[in-house]
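# Next come a sequence and a model predicted from it.
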Amino acid sequence: MKPLFALLLAGFAALLMSAAPLPAAPSPTPKPKAAAESQLPVARPVPEMPGHVYSPYAKGKIIAVAGSVMGHPDMRIEYKHGEVVRCPYTGKMFRVP
């Protein structure tokens, strides 16, 4: 019985020695979305209308980025400088100035 155990142990050891090393865990790749967000256009503020900007996509259309929500006087929106928002006219993303 002893020689059989020694033979199995030797075979198992040889199997472990010849096994290929495990592949390393893949390194996380940076999200391309961050690069795409940095290239988004910045809206222009509307003169004499604080909290409003011109849509960079829909010419002449004005978007509220700060103040009360129309129809809901108890609700307010406050987008900060550089924040990414969606144009309600085109669905495209842009940055608040």
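Yep, that arrived.
# Can you find the helix or strand in the protein with the smallest mean pLDDT?
Least confident helix or strand of the chain, by mean pLDDT, DSSP states H and E, is helix 32-38 with a mean of 64.
# Which residues does the following helix or strand past that helix contact?
Downstream of helix 32-38, the next assigned helix or strand under DSSP states H and E is strand 44-45. Strand 44-45 is touched from outside by 52-54, 56, 97, with contacts defined as Cβ atoms under 8 Å, 6 or more residues apart in numbering. Every residue, glycine included, has its C-beta placed from N, CA and C.
# again with stretch 65-73
43, 50-53, 64, 75-79, 85, 96.
# Go again with 10 Å.
43, 45-46, 49-53, 64, 74-81, 83, 85, 96-97 (Cβ atoms under 10 Å, 6 or more residues apart in numbering).
# Narrow the contacts of strand 44-45 to those in strands?
Taking DSSP state E as the definition of strands, the contacts of strand 44-45 contribute 52-54.
# Which one (most neighbours) among the residues you listed?
Neighbour counts for these, by other Cβ atoms under 10 Å, peak at V53, which reaches 24 neighbours.
# Same list (the contacts of strand 44-45) but as a markdown table, adding pLDDT and distance to Y89.
Formatted as a markdown table, the contacts of strand 44-45 follow (pLDDT from 0 to 100; distance: Cβ to Cβ, whole Å):
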| residue | pLDDT | distance to Y89 |
| --- | --- | --- |
| H52 | 92 | 14 |
| V53 | 95 | 12 |
| Y54 | 96 | 11 |
| P56 | 95 | 11 |
| P97 | 92 | 18 |
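# Tell me which two in those residues are the farthest apart.
Distances among those were taken as Cβ to Cβ; the most separated pair is H52 and P56, at 13.5 Å.
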